[in-house]
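Visitor: Output the structure for:
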Amino acid sequence: MRILITGANRGLGLQLAKVGLERGHEIIASLRDFNQKGELESIQQHNSNLTLIKMDVSNDQSVSDAKLEFDQHFSSLDVIMNNAAILLERDQNIEELSFESVLKSLDVNTVGPMRVVQAFLDSLRAGSNQQIINISSEAGSLTHSYSPDYSYGISKAALNMFSEKLNVYLRKENILVYSIHPGWMKTDMGGTKAPLNPYETACHLFDLLEKKKKIEKQDFIFMDYNGAAMDI
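Guide: Modelled structure (predicted):
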C-alpha cells in the first residue's frame, strides 16, 4: 500500500513510518520542517520506499504545494494517516487559558487533517483498499471529559466529529475512516511516565490497517489501537 503519514519525523509518526517500511509498504512521510528530518534522512538513504514531503498541515499553501509535489511522482494513494498534532496549554485552567493557543490547536489538530483530506482525496479515490486514519485521543471523549487540557481535548473531540462526517460521506465509495486513540505513549507529547512504546502502538495500528485485527462492531468509528470501541 502507498501510505501518507503526516508529522512523521518523530514520535508515533516516525514509528508508523518505520513499521510501514518494515512491512513492505510505500511510505510518503510529511514533515513541517526539512531541517528536522531526524532519523528519516538516514532511513531514506537505505530504503527507496520512503519519500519525504514538506507539509505544514496548518498552512493552506503548504498543503497545496505538498499535493503538487506528490502528483509529480504518484498517481494514487491508498491510505492517509493524519498523525500531526500539537499539545498546548496542558495545565492551564479556563482563567489562565490562552485563546491564541486554543485556535492554534484547532488549526493543527482538527483543521489540519481536514486540509490534508481535502487536498489528497482525489488521489485516495484513485487508490485501492482506501482508508483514512485520524489519530485522535481519549482526551476528545465527552463521556470521560476531564480538566484542564482544553485546547487538546476540544480539538480531538472536533476531530472525532470530522471523522464521523467523513465516514458518512465516503461510505458508499467503500473508503474506510477511523478515528483512533493510540494510547498514552512515551513520546515528546506523552512524556516518560507513559506506559506504552510508540513502536508497539504503530504495530497495532498497522494490524488494523492490514485487517489483521478484527474491529468491534460499534455505533461510532472512535476506537483504540486494538479496534475496541471508545466512548464518544
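
Visitor: Could you pull out the helices in the chain for me?
Guide: Ranges of helices within the chain are 11-22, 39-46, 60-73, 99-106, 112-125, 150-170, 198-209, based on DSSP state H.

Visitor: for these, which one sits closest to residue 30?
Guide: Among the helices of the chain, the nearest to residue 30 by Cβ to Cβ is helix 60-73 (6.3 Å). Every C-beta, even on glycine, is put in place using the N, C-alpha and C of the backbone.

Visitor: Dump the C-alpha coordinates for that closest one into PDB.
Guide: What follows is helix 60-73, C-alpha atoms only, in PDB (Å, rounded to 0.1, in the frame of the first residue of the first chain):
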ATOM      1  CA  ASP A  60      -3.200  26.100   3.100                       C
ATOM      2  CA  GLN A  61      -0.400  26.800   0.700                       C
ATOM      3  CA  SER A  62       2.000  24.300   2.200                       C
ATOM      4  CA  VAL A  63      -0.600  21.600   1.900                       C
ATOM      5  CA  SER A  64      -1.300  22.600  -1.700                       C
ATOM      6  CA  ASP A  65       2.400  22.600  -2.600                       C
ATOM      7  CA  ALA A  66       2.800  19.200  -1.000                       C
ATOM      8  CA  LYS A  67       0.000  17.800  -3.100                       C
ATOM      9  CA  LEU A  68       1.600  19.200  -6.300                       C
ATOM     10  CA  GLU A  69       4.900  17.600  -5.300                       C
ATOM     11  CA  PHE A  70       3.100  14.300  -4.700                       C
ATOM     12  CA  ASP A  71       1.400  14.400  -8.100                       C
ATOM     13  CA  GLN A  72       4.800  14.700  -9.800                       C
ATOM     14  CA  HIS A  73       5.700  11.300  -8.500                       C
END
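
Visitor: Deepest in the core, which of the helices of the chain is it.
Guide: helix 11-22 (a mean of 24; mean count of other Cβ atoms under 10 Å).

Visitor: Turn the helices of the chain into CSV, including distance to residue 222.
Guide: Output for those, formatted as CSV (distance: least, Cβ to Cβ, whole Å):
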stretch, distance to residue 222
helix 11-22, 17
helix 39-46, 29
helix 60-73, 25
helix 99-106, 18
helix 112-125, 14
helix 150-170, 5
helix 198-209, 13
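
Visitor: For residue 176, which of those helices is the nearest?
Guide: Using Cβ to Cβ as the measure, helix 150-170 is the one of the helices of the chain that comes nearest residue 176, at 8.1 Å.

Visitor: what's next to the closest one, contact-wise?
Guide: Residues outside helix 150-170 that contact it (Cβ atoms under 8 Å, 6 or more residues apart in numbering): 85, 87-90, 92, 94, 97, 101-102, 104-106, 108-110, 113-114, 117, 132, 134, 136-137, 139-142, 145-146, 177-179, 220-222, 232.

Visitor: Stretch 111-128 now?
Guide: With Cβ under 8 Å, 6+ apart, stretch 111-128 has contacts from 2, 4, 6, 55, 57-58, 60, 63-64, 66-67, 70-71, 74-80, 82, 84-85, 130, 132, 134, 159, 162, 166, 173, 175.

Visitor: Tell me, what's the model's pLDDT at the nearest residue to residue 19 once chain neighbours are set aside?
Guide: The shortest distance from residue 19 to any non-neighbouring residue, by Cβ to Cβ, 6 or more residues apart in numbering, is to residue 202 (4.3 Å). Looking at residue 202, its pLDDT stands at 97.

Visitor: distance from the centroid: which residue in the chain tops it?
Guide: Going by Cα atoms, centre = their mean, the residue of the chain most distant from its centre is residue 95, 30.6 Å out.
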